[in-house]
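>>> Dropping a prediction and its sequence here:
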Amino acid sequence: MNSAPPTVFIVDDDASVLKALERLIAGAGLKVATFDSPQRFLDCHDPSTPGCLVLDVEMPGLNGVELQRALADRGSILPIIFLTGHGDVPKGVQAMKRGAVDFLTKPADEKDLLAAIGQAFDRDRVLRQERGGLAEIHGRLATLTAREREVLAYIVSGRRNKQIAADLGTVEKTIKVHRARVMEKLKVRSLADLVRLAERAGVERPPYGS
């Protein structure tokens, strides 16, 4: 996970707005990067950089909501704060439904904007921690053999060792060995922990009677 300090990315086609926002945010002691178009931001953005995006809604070419969609398509988790000079409620609702942190009307109140940035930083940190944890879990799963993954799926579906053995055409002793190896490789000590890990990783459970 990137340990760099979070950056406030600002995208607005109005140079005066960019300068004013940069002055405000930098004055609060935060790192800032400005862009005069959504495309310039997309071309330069490194998804591993923590922070948030302060984004104008109405811009020529790619607008703010379209940029939000483009980032989502790239798997970005960067929290977004929208700014609008038009009081565009429908677009605001659309943006919030897509996960925007806030939707402020220009000129945004300084305290409201800085508070929203603080909330966005908090969300970004949590999301990155969750993503990092999930990556670690998938790394552990990758160490399982094909048979161990199969046994794991049966375990989290609630099958007992004897039932799993019957389903897989083997003996219970063999299933116990696989089960122990799965627990060891996934670094869990209890069935409850194993089930939680598997659910978080999206391990599919085989249907009964398969």
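That came through fine. Numbering: from 1, shown residues only.

>>> where along the protein do the helices fall?
15-27, 38-44, 64-73, 89-97, 110-141, 146-156, 161-168, 172-186, 191-201 (DSSP state H).

>>> Would you mark the buried spots in the longest one?
Of the residues in helix 110-141, those buried under the neighbour-count criterion (16 or more other C-beta atoms under 10 Å) are 113-114, 116-117, 120-121, 123-124, 128, 137, 141. Where you see a C-beta, it was placed from the backbone N, CA and C, and this is true even at glycine.

>>> about what we covered before: turn the helices of the chain into CSV, including mean pLDDT.
Conversion of the helices of the chain to CSV gives the following (pLDDT from 0 to 100):
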stretch, mean pLDDT
helix 15-27, 94
helix 38-44, 92
helix 64-73, 87
helix 89-97, 64
helix 110-141, 89
helix 146-156, 93
helix 161-168, 93
helix 172-186, 94
helix 191-201, 87
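
>>> would JSON lines of the ones you listed with distance to residue 52 be doable?
Listed next are those as JSON lines, based on distance: least, C-beta to C-beta, whole Å:
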{"stretch": "helix 15-27", "distance to residue 52": "10"}
{"stretch": "helix 38-44", "distance to residue 52": "13"}
{"stretch": "helix 64-73", "distance to residue 52": "12"}
{"stretch": "helix 89-97", "distance to residue 52": "14"}
{"stretch": "helix 110-141", "distance to residue 52": "3"}
{"stretch": "helix 146-156", "distance to residue 52": "36"}
{"stretch": "helix 161-168", "distance to residue 52": "47"}
{"stretch": "helix 172-186", "distance to residue 52": "34"}
{"stretch": "helix 191-201", "distance to residue 52": "25"}
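
>>> And residue 120, how far from residue 64?
15 Å (C-beta to C-beta, to the nearest Å).

>>> give me phi/psi at the residue of the chain most remote from its centre?
Within the chain, the residue lying farthest from the chain centre (C-alpha atoms, centre = their mean) is residue 171, at 41.7 Å. With angles defined as degrees, to the nearest 10, residue 171 sits at phi -110, psi 160.

>>> Number the chain from 5, please
With 5 as the first residue, the last one maps to residue 175.

>>> Which residue, neighbours along the chain excluded, lies closest to it?
residue 169 (5.6 Å; C-beta to C-beta, 6 or more residues apart in numbering).

>>> what residues are up against that neighbour?
Contacts for residue 169 (C-beta atoms under 8 Å, 6 or more residues apart in numbering) come out as 175-176, 178-179.
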